[in-house]
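Q: sequence plus predicted model, see below.
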Amino acid sequence: MDLLHRSAAAALALACLASTGCARDDVPAAGTAQPPATSAPPPAPRTSLDPDPAKAPIERAAPPTLQPVALGDFVAADRVSASMTGAIEIADARISGANGAAFVTERVAIVRGGDEYSAGERYADMMSIDAGHPVELRRVLDEVRGDDGQGFCGSMKTGFLALASYEEAGFQVVKLLALQGDGIPAATATDTRLCAAASYEATP
């Protein structure tokens, strides 16, 4: 009887191996460790809603505002100023003369008396100021001629006005240079020339 059972078990085992429904070699046996699943690590938790400092835009300081060297009313103090404008009012973006002359301006630079407005020509030499004295340079955007139809540069457009201010004998003095040319006055300028040099004093 035992022999019959062993024969039947052997036959069943052979039948199972021949069948495609039995276990295959590539299926790991029970209890065998499985390889770990791979996945991207989770993002680091946000601790704040504030912007990331490493990605924040770089803040740059605003450029300094150019300050005027003189504002207010001034009377003509020499023959040139008397004939070209008469008394003047210097405002932040405009210079107006009593004879109807007017200049709409924009402040473009603060230079020094020792700087050259053209090759070999210094502000200090024409304005009687020290080399370190500040000089305000304004571009003329629009010009209205005086009653006689003449401007600082004759029939030509005034390109720039340079202003310097200082005290003398208790009075505020303003020196003005009228320059012709489109380019910024400098030692390398090729089209800058001096049209007129005028002097004014603060009204008493």
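A: Looks like it came in fine.

Q: so where do the helices sit in this protein?
A: For the chain, the helices defined by DSSP state H cover 2-18, 79-84, 123-127.

Q: out of these, which gets the lowest mean score?
A: Note on the helices of the chain: lowest mean pLDDT is at helix 2-18, with a mean of 52.

Q: what about this protein, any weak spots by pLDDT?
A: Applying pLDDT under 70 to the chain flags residues 1-64.

Q: please redo it, this time with the cut-off set to 80
A: The chain contains residues with pLDDT under 80 at 1-64, 203-204.

Q: and the strands in it?
A: Counting by DSSP state E, the chain has strands at residues 72-76, 88-90, 94-97, 102-112, 116-118, 121-122, 134-144, 160-168, 171-180, 193-202.

Q: wait, which of the ones you listed is closest to residue 152?
A: strand 171-180 (3.3 Å; CB to CB). Every C-beta, even on glycine, is put in place using the N, C-alpha and C of the backbone.

Q: list just the one of the strands of the chain that sits closest to residue 65.
A: Checking the strands of the chain against residue 65 by CB to CB gives strand 102-112 as the closest, at 9.0 Å.

Q: dump the closest one to CSV, keeping only the CA atoms.
A: Extracted in CSV, the C-alpha atoms of strand 102-112 (Å, rounded to 0.1, in the frame of the first residue of the first chain):
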residue,chain,number,x,y,z
ALA,A,102,14.0,131.6,-21.2
PHE,A,103,15.8,128.2,-21.1
VAL,A,104,14.1,124.9,-20.3
THR,A,105,16.9,122.8,-18.8
GLU,A,106,17.7,119.5,-17.3
ARG,A,107,20.5,119.0,-14.8
VAL,A,108,23.0,116.4,-16.2
ALA,A,109,26.1,116.6,-14.0
ILE,A,110,28.0,118.3,-11.2
VAL,A,111,31.5,118.8,-12.4
ARG,A,112,34.5,120.7,-10.8
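
Q: strands paired with it, and their directions?
A: Sheet partners assigned to strand 102-112 using DSSP bridges are listed as strand 94-97 (antiparallel), strand 134-144 (antiparallel).

Q: out of the ones you listed, flag the one nearest residue 156.
A: Among the strands paired with strand 102-112, the nearest to residue 156 by CB to CB is strand 134-144 (10.1 Å).

Q: what's the closest of the strands paired with strand 102-112 to residue 185?
A: Nearest of those to residue 185, taken as CB to CB: strand 134-144 at 6.8 Å.

Q: nothing else from me, thank you.
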